[in-house]
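# Quick one: sequence and predicted model below, then my questions.
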Protein chains: 2
Amino acid sequence: PDADAYEAARERLRNQARPAGCLGILEDVGARLSGIFGVMDVHLARKVVITCAGDHGICAEGVSLFPQEVTPQMVYNFINGGASINVLAKHAGAAVRVADIGVNHDFEPALPIFHKKVRRGTGNFAIEPAMTRDEARKSVEAGIEIVDELVRESPLHLLGTGDMGIGNTTPSTAIIAAYSGLSVSELTGRGTGVDDEGLRRKISAIERGLALHKPDPRDPLGVLAAVGGLEIGGLAGLVIGAAAHGVPVVCDGFIATAGALIACELAPKAKAYLFASHNSVEIGHAFMLKHLGLQPLLHLEFRLGEGTGAALAMELMDASTRILADIRTFEEVAIQDAQA
Amino acid sequence: PDADAYEAARERLRNQARPAGCLGILEDVGARLSGIFGVMDVHLARKVVITCAGDHGICAEGVSLFPQEVTPQMVYNFINGGASINVLAKHAGAAVRVADIGVNHDFEPALPIFHKKVRRGTGNFAIEPAMTRDEARKSVEAGIEIVDELVRESPLHLLGTGDMGIGNTTPSTAIIAAYSGLSVSELTGRGTGVDDEGLRRKISAIERGLALHKPDPRDPLGVLAAVGGLEIGGLAGLVIGAAAHGVPVVCDGFIATAGALIACELAPKAKAYLFASHNSVEIGHAFMLKHLGLQPLLHLEFRLGEGTGAALAMELMDASTRILADIRTFEEVAIQDAQA
């Protein structure tokens, strides 16, 4: 980002005909976007949400309410346009594109998705690595390639990241445990709604996985390989790819933020392009946001994923660009009064 | 509202192809709007933010950072279209209309505002009543009349309330003190940014006013007359008028919510049509939201007023109608799959 453009934006915000700072956190969002694009009047014309899908061997431990078959079913639902992310992205003026990074299902090559399957689902990380180190790298590269392809199509102004993968709060929680040092039982939430027994199975699976692999937080690709997910690698790659192209990226909830965490551990400068859409009800999300230095825009008790929070947050980010560029300064008001 | 339509909406939300409840507080917002309009597919086509303006005799006590002259200046700024509320309402697809309920300035009759001046500013409630009981009634009626006029123009689907009035966090705090029984020093915030000395003056002014008038919370019009504001009465009238016409109404921050509180004390059934846009940083706002049974949609640290929070919240309310009507149920997904 352009530090001078950021400072010029902060100055304009201070000079607007209103009490300083009274538009809260949207002021800094607008200034950051101004810094990223190097102009005062930012227009987020092309917005795209990428929903990365993958399956999880850890589901064998009974950690999720839904069977793995739901992952490809939801991919088809996204393509048919009637899923939650389609509805919210449309409302935000954003396109939705789905990426298969590791779904346990063969999609027809003609299906209009990003075909980036690294493997059909991860291994059960309670008893084996989720994936090899090479597969982890490939999953991150898949995300980077997707942004390359998007940017090649036409200029991209805002990327949103979202996830689909039955069971994927479990690897996300394992990643956070590796980085936070917080206890698994403290961190583990109910995902999309497991009962007490399911919660116990989830905690046990994560604890066994961490004890088995002892992931080293200084080695983010190693963490991803040991206890991560293929779509989580893809989500990390999206953040890195967006930052590399100078495109702001807003990450969705718990799983997408776990991907963003891996991204910023691999490429710390990506943080400057990253925004957080909402605070999830999932325990551990607050740790990640603090670790990444992000303030979430929405507090709506969303716990769906798919990119739904990112899509809604895009509307507020868009509003922040109008706040910065369109609210008149005291000087502009005086000039208009003199002309009237 | 139509209880059957509300229940049908809740059922549709439960049957959508996603985990139950995962779209958080927007689910209930959508269901409430469905109950208000009596249909599943609500379209908030015509949205209007009314910014009620008034001046405050209490400014003589040095409670505000800005001089009273700023109130009419901002009215002109709203009309010229370059103020914060213009920018945010435009982003939300809403019109902005300004109402003079009690500005200490004579506006030309040709000026395109609602001319509803009850008197030129309130009295200094630290030493005299803010207004007479008759003036308080007239200020509420002004708000009701504005909604009547709006509805007469064309169907109205969502009303937002906003305020402009230098010094108006002071009467709002006095109203909350009367209803909450909480101590004035605990309740009093810095408004648009007074310093420690200003804060002490503000607390002292409110304490003297409450001691002088002893406003009775069972008599909302009496509270408004004793320590209120003309635009606060107008804001109360907007809520009552909207409810009377079956129109949902989203109140802005601290001052607009004080108006909504008076409205719901005068006409408790209005609550069913009321939504809260955001939680203000101003102390006492949380009390009002709890008292009114409202959950705010935004947590952006806004502290401007004008209707800025209401305008942004309209976008989320709009999204809630799409969530309800457009996200497919499991049955609809199955039908589509069968057709494919």
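Sure thing, it's come through. Residues are numbered from 1 along each chain as shown, chains lettered A, B, ... in the order given.
# tell me which parts of the stretch 201-340 of chain A are close to chain B?
Within the stretch 201-340 of chain A, the positions adjacent to chain B are A:281, A:297-304, A:308, A:312, A:315-316, A:318-319, A:322-323, A:326-328, A:332-333, A:336-337, A:340 by Cβ under 8 Å from any Cβ of the partner chain. C-betas here are computed from N, CA, C, even on glycine.
# What strand or helix carries residue A:141?
helix A:133-153 (DSSP states H and E).
# for that helix, packing partners?
Under the contact criterion of 3 or more Cβ pairs under 8 Å, 6 or more residues apart in numbering or on different chains; DSSP states H and E, helix A:133-153 touches strand A:47-54, strand A:94-102, strand A:114-115, helix A:220-227, helix A:230-244, helix A:254-266.
# about what we covered before: generate a ChimeraX selection restricted to the buried entries among the residues of the stretch 201-340 of chain A next to chain B.
Selecting only the buried entries of these in ChimeraX, with 16 or more other Cβ atoms under 10 Å in any protein chain shown as the criterion:
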select /A:281,297,298,299,300,301,302,303,304,308,312,315,316,318,319,322,323,326,327,328,333
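# Can you give me the buried ones in the next helix or strand after the helix holding residue A:141?
Using DSSP H and E, the helix or strand that follows helix A:133-153 towards the C-terminus is strand A:158-164. Neighbour-count burial for strand A:158-164 flags A:158-164 (criterion: 16+ other Cβ under 10 Å).
# With chain B in mind, check whether strand A:158-164 reaches it.
No: Strand A:158-164 does not reach chain B (Cβ under 8 Å from any Cβ); its nearest approach is 10.8 Å.
# follow-up on the earlier one: quick one: which of the buried residues of strand A:158-164 is nearest chain B?
If you rank the buried residues of strand A:158-164 by distance to chain B using Cβ to the nearest Cβ, residue A:164 comes first, at 10.8 Å.
# and the closest one, what does it touch?
A:51-54, A:71, A:74-75, A:78, A:98, A:231, A:305-306 (Cβ atoms under 8 Å, 6 or more residues apart in numbering or on different chains).
# for these, which one is nearest residue B:201?
residue A:305 (50.3 Å; Cβ to Cβ).
# Give me the secondary structure label for the closest one.
For residue A:305, the secondary structure call by DSSP: H, G, I helix; E, B strand; the rest coil comes out as coil.
# How about it, nearest residue that isn't a chain neighbour?
residue A:163 (4.8 Å; Cβ to Cβ, 6 or more residues apart in numbering or on different chains).
# what are the bridge partners for the one you found, then?
For residue A:163, the beta-bridge partners under DSSP bridges are residue A:52.
# so it sits right up against residue A:230, yeah?
No: taking Cβ atoms under 8 Å as the definition, residue A:163 is not a contact partner of residue A:230, at 10.6 Å.
# list residues touching both of these two?
With Cβ under 8 Å, 6+ apart, residue A:163 and residue A:230 have no common neighbours.
# Three-state assignment for whichever residue of the stretch 51-200 of chain A sits closest to chain B, please.
Closest contact between the stretch 51-200 of chain A and chain B, by Cβ to the nearest Cβ, is at residue A:82 (3.5 Å). Of the three states, residue A:82 takes coil under three-state DSSP.
# likewise residue A:215?
Secondary structure state of residue A:215, per three-state DSSP, is coil.
# and the gap between it and residue A:138?
Separation of residue A:215 from residue A:138 (Cβ to Cβ, to the nearest Å): 18 Å.
# Contacts made by stretch A:13-30 with the rest, please.
A:9-10, A:31, A:42, A:275, A:295, A:297, A:316-317, A:319-321, A:323-324, A:327-333, B:65-66, B:74, B:77, B:82-84, B:192-193, B:281, B:300-304, B:308.
# quick one: the helix or strand where residue A:179 lies to helix A:220-227, angle?
Element membership for residue A:179 (DSSP H and E) is helix A:169-180. Orientation check (axes from the mean of the first three to the mean of the last three Cα atoms, to 10 degrees): helix A:169-180 against helix A:220-227 gives 140 degrees.
# Quick one: list the elements packing against the helix or strand just after helix A:169-180.
Once helix A:169-180 ends, the next helix or strand along the chain (criterion: DSSP H and E) is helix A:184-187. Packing partners of helix A:184-187 (3+ Cβ pairs under 8 Å, 6+ apart): helix A:169-180, helix A:196-213.
# May I have the first one as CSV, with CA atoms only?
Below are the C-alpha coordinates for helix A:169-180, written out as CSV (Å, rounded to 0.1, in the frame of the first residue of the first chain):
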residue,chain,number,x,y,z
THR,A,169,-14.0,-26.3,11.7
THR,A,170,-12.0,-29.3,13.1
PRO,A,171,-8.8,-28.7,11.2
SER,A,172,-9.3,-24.9,11.6
THR,A,173,-9.4,-25.4,15.4
ALA,A,174,-6.3,-27.6,15.2
ILE,A,175,-4.4,-24.8,13.3
ILE,A,176,-5.5,-22.2,15.9
ALA,A,177,-4.4,-24.5,18.7
ALA,A,178,-1.0,-24.8,17.1
TYR,A,179,-0.6,-21.0,16.9
SER,A,180,-2.3,-19.9,20.1
